[in-house]
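[1] Structure of the sequence below:
(2 chains)
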Amino acid sequence: MAAPIHLAYVDGPTPGWSDALVAGVADVFPNPIHASAVPLDLTPSFVPSRQQHHATLVLAALLRHRPDPASKILGIVPVDLFIPVLTFVFGQAQLDGPGAVVSTYRLRAEFYGLPGDEGVLVERAIKECIHELGHAFGLVHCAYYDCVMHASSTVDEVDVKGAAFCGHCVSVLEGKGWK
Amino acid sequence: MTEHRILIVDDELSVRSSLEEWFREDGFRVETAEDGQAALRAMDRGPFDIVLLDLKMPGMDGISVQKRVREIDPAATIIILTAYASVQTAVEALKLGAFDYVTKPVDPDDLSNLVRNALQARALTEENVRLKEKVSELTAITPIVGVSAPMEHVQEMIRTVAETDSSVVIRGESGTGKELVARAIHAQSRRRYFPLVAVNSGSIPETLLESELFGHEKGAYTGAQYRRKGKIELASGGTLFLDEIGDITPKMQIGLLRVLETHRFTRLGGNQEIASDFRLICATHKNLEKLVEEELFREDLFYRINVFSIQVPPLRERPEDILPLARFFVEKYARAMGRPVRAIAPEAEAALLAHRWPGNVRELENAIERAMVVGKGQALEGRDLPLAAQTDGAGEPQARSLAALEKDHVARVLRECDGNVTQAAKVLGIDRATLYNKLKRYGLRR
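    Numbering: from 1, shown residues only, chains lettered A, B, ... in the order given. Below is the predicted model of the structure:
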């Protein structure tokens, strides 16, 4: 399972914390990792009534930018994402599929009225990127609180969990031919 | 981790697909339905742990779907999804048994908590049912009382077979305690934390027995208003005890053989195969080998069930068990009736030992229970026991009509109860009106 992972920065240039993000993801995934900005127009996914972007539409558009069929692409967007029945999502992935998307909108401390903190943002972004990539590699949510695959609906829950897979999730990935 | 099943019913494709992905990431097995009709069809492929149901749909509305879903599977946990914060419809849904309702769009944290709570509530309900079954099973277990060599052999056999998963046939005359042996095997087996499900095959007509064992789907036959699990399904993990196996019909023998070979079956009216991991224990008072010879019992089924055979001897062949059993029953009914009787007088002991006990342990228990009702003293006396006519050393009593015997017996019981009709009726096992009719018919006075 050496599928290359493409971290695609959407709607803006490659951020200054990209190297930290790539390093954090590479700590967990042995796959080749590339990071670059992708020119993707997010306008079609914007829903004025909700003032948010439809995560499924963003993901569908993103998949067209996948460099090769064997790779996994993870979009990182600064906008707020939703799926129709939920008020928001931190990210969305195709389970055992080629793509995933993560929003940094609600990972920023500023969203909660706090001073900006890039360290916190990067730490949260690393966890959410690994989490959504975990789904793309076929993992479901994990009951173990410290596992990065533990479901989190709030940033507090993102902060509490770890940035690595637990033994069970590793064994599931190994069962799928990982490492 | 157990994989939970969820059915998402919503007319909006985007809602269905996004929720499907959301729950798949949570490890659920997800099915979706776009309207009420599709939801009801999906229910046939159930069971589902949770049904997430939109209230506003074209055609059949959510409340109607909820009612039908509840009919098909009363155990399904229903969560209502609504785009409108309508208190009235939400209250109606809750009154109809919905677990909760959420307004779209829902905060992901709220939805996660709601689903987690629903699953916890469901697990608690299921655990509660299991524990109740377990408690009733534990309280129902009566120890096997017996000091005789034949009963010690039975106890040894129970210990031996309990460790295995093999089928057992328990043989013996009526009243010897075959079900007690089955329960003892189950209680000592690795399956003891799961239920022992008993079915008396002899007392149920074939069609009912089929439904009783295999269960049925809704509408499988007239009157089948709900899906019902059969005893085979309920016994999964535990033991299925089929009493009077020698009495089942050839058709049922074929059905049972199939289940024993594959441990899979289909509910009546259903087409989905269901697996059940159960251990089979059968009992019979009939000679199965003779039934096989007479082609009344399938030979292949006989060999399938008769891996171990335990013969429970009749009470007359183990007289040394009579008094320990009698003392056990005295103790049991003294406690149940709040009576101070704790002993058996020597004369009564002699009468008990002299009796042949054609009805075996059941007859002995009934005799002690009756004696405990009519006895007045601190110890059971010979006169309290209904055995005089049978234990009379002068030989068999002269043949008499049933009516004459009944008249004498009714008169005697009434006399022993000091003319108290309520108490006499209880001893005779009939209601007061019936006793009054008999008194009138035989010209007896209180």
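
[2] quick one: average pLDDT of stretch B:30-37?
    Taken as a whole, stretch B:30-37 has a mean pLDDT of 90.

[3] Tabulate the CA atom coordinates of that stretch in PDB.
    The C-alpha coordinates for stretch B:30-37 follow below in PDB (Å, rounded to 0.1, in the frame of the first residue of the first chain):
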ATOM      1  CA  VAL B  30     -26.000   1.500   6.500                       C
ATOM      2  CA  GLU B  31     -29.100   1.100   4.300                       C
ATOM      3  CA  THR B  32     -31.100   3.900   2.900                       C
ATOM      4  CA  ALA B  33     -34.600   4.400   1.700                       C
ATOM      5  CA  GLU B  34     -36.100   7.300  -0.200                       C
ATOM      6  CA  ASP B  35     -39.700   6.900   1.000                       C
ATOM      7  CA  GLY B  36     -42.000   5.100   3.300                       C
ATOM      8  CA  GLN B  37     -42.600   2.100   1.000                       C
END
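
[4] now that stretch, how far from the centre of its chain.
    36 Å (C-alpha atoms, centre = their mean, to the nearest Å).

[5] hmm, that stretch touching chain A?
    No. Between stretch B:30-37 and chain A, judged by C-beta under 8 Å from any C-beta of the partner chain, nothing touches; the nearest distance is 10.4 Å. Using the backbone N, CA and C atoms, a C-beta is placed for each residue, glycine as well.

[6] Kindly list the single helix or strand of chain B that scores lowest on mean pLDDT.
    Lowest on mean pLDDT, DSSP states H and E among the helices and strands of chain B sits helix B:388-391, with a mean of 46.

[7] Now do the end-to-end distance for stretch B:293-303.
    Stretch B:293-303 has an end-to-end distance of 13 Å (criterion: C-alpha to C-alpha, to the nearest Å).

[8] Give me the buried positions along that stretch.
    Judged by neighbour count (16 or more other C-beta atoms under 10 Å in any protein chain shown), stretch B:293-303 contains these buried residues: B:297-298, B:301-302.

[9] Which single one of these is nearest to B:L96?
    Of all these, B:L96 sits closest to B:L301, with 45.9 Å by C-beta to C-beta.

[10] still on that earlier bit, right, and the helix or strand after the least confident helix or strand of chain B?
    Per DSSP states H and E, helix B:388-391 leads on to helix B:402-416 as the next helix or strand towards the C-terminus.

[11] What helices and strands are in contact with that next one?
    In terms of contacts (3 or more C-beta pairs under 8 Å, 6 or more residues apart in numbering or on different chains; DSSP states H and E), helix B:402-416 is packed against helix B:421-428, helix B:432-442.

[12] Number of residues surrounding B:P250?
    Look at B:P250: counted by other C-beta atoms under 10 Å in any protein chain shown, it has 13 neighbours.

[13] I meant to write B:E273 there.
    Neighbour count of B:E273, defined by other C-beta under 10 Å: 10.

[14] do B:A118 as well
    Residue neighbour count, defined by other C-beta under 10 Å, stands at 20 for B:A118.

[15] Surely it and B:D100 touch.
    Yes. Here B:A118 reaches B:D100: they are 7.2 Å apart, a contact under C-beta atoms under 8 Å.

[16] Between the two, which contacts overlap?
    Residues touching both B:A118 and B:D100 (C-beta atoms under 8 Å, 6 or more residues apart in numbering or on different chains): B:I79.

[17] pLDDT at the spatially closest residue to B:P314 that is not a sequence neighbour, what is it?
    Spatial nearest neighbour of B:P314, excluding adjacent residues (C-beta to C-beta, 6 or more residues apart in numbering or on different chains): B:E173 at 4.9 Å. Reading off the confidence values, B:E173 has pLDDT 91.

[18] Hmm, B:E173 is touching B:H285, no?
    Yes. Judged on C-beta under 8 Å, B:E173 makes contact with B:H285 at a distance of 5.6 Å.

[19] Please report how far the residue nearest in space to the middle of chain A lies from A:C142.
    Chain A has A:C129 as the residue nearest its centroid, 3.1 Å off, counting by C-alpha atoms, centre = their mean. Distance of A:C129 to A:C142, given as C-beta to C-beta, to the nearest Å: 16 Å.

[20] How many residues are close by residue 5?
    The chain I'm using is chain A. Applying other C-beta under 10 Å, we find 22 other residues in the vicinity of A:I5.

[21] my bad, chain B
    Using other C-beta under 10 Å, B:R5 is surrounded by 18 other residues.

[22] Ok, B:Q311 next?
    Residues within reach of B:Q311, counting by other C-beta under 10 Å, total 15.

[23] Next up, phi/psi of the closest residue to it other than its chain neighbours, please.
    If the residues on either side of it in the chain are set aside, B:Q311 comes closest to B:R171, at 5.1 Å by C-beta to C-beta, 6+ apart. When read as degrees, to the nearest 10, the backbone of B:R171 gives phi -110, psi 150.

[24] So which residues on the stretch 201-350 of chain B come close to chain A?
    Within the stretch 201-350 of chain B, no position is adjacent to chain A by C-beta under 8 Å from any C-beta.

[25] ok, B:I430 to B:P150 distance?
    Computed as C-beta to C-beta, the B:I430 to B:P150 distance reads 36 Å.

[26] again with A:Y145
    Separation of A:Y145 from B:P150 (C-beta to C-beta) stands at 59 Å.

[27] When those two are compared, which one has more neighbours?
    Legend: neighbour count by other C-beta under 10 Å for A:Y145 and B:P150, higher for B:P150 (16 against 12).

[28] That one: helix or strand, and which one exactly?
    Secondary structure (DSSP H and E) places B:P150 in helix B:149-162.

[29] same check, this time on A:G138
    Going by DSSP H and E, A:G138 is not in any helix or strand.

[30] Give me the neighbour count for it.
    Burial measure for A:G138: 15 neighbouring residues, criterion other C-beta under 10 Å.

[31] ok, it to A:G97 distance?
    Counting by C-beta to C-beta, the gap between A:G138 and A:G97 amounts to 9 Å.

[32] what do you get for B:R159?
    From B:R159 to A:G97 the distance is 56 Å (C-beta to C-beta).

[33] Between the two ends of stretch B:299-319, what distance do you get?
    End-to-end distance for stretch B:299-319, by C-alpha to C-alpha: 36 Å.

[34] still on that earlier bit, avg pLDDT for the helix holding B:P150?
    Helix B:149-162 carries an average pLDDT of 92.

[35] Count residues in the vicinity of the closest residue to B:A343 other than its chain neighbours, would you?
    Nearest in space to B:A343, with sequence neighbours left out and distances taken as C-beta to C-beta, 6+ apart, is B:A379 at 4.1 Å. Look at B:A379: counted by other C-beta under 10 Å, it has 16 neighbours.

[36] do B:R441 as well
    When neighbours are counted by other C-beta under 10 Å, B:R441 registers 12.

[37] Can you show me the helices along the stretch 51-200 of chain B?
    Assigned by DSSP state H, counting those that start in this stretch, the helices in the stretch 51-200 of chain B fall at B:62-72, B:87-95, B:108-140, B:149-162, B:178-188.

[38] Which among the ones you listed is found nearest to chain A?
    Nearest to chain A among these is helix B:108-140; the distance by C-beta to the nearest C-beta comes to 3.6 Å.
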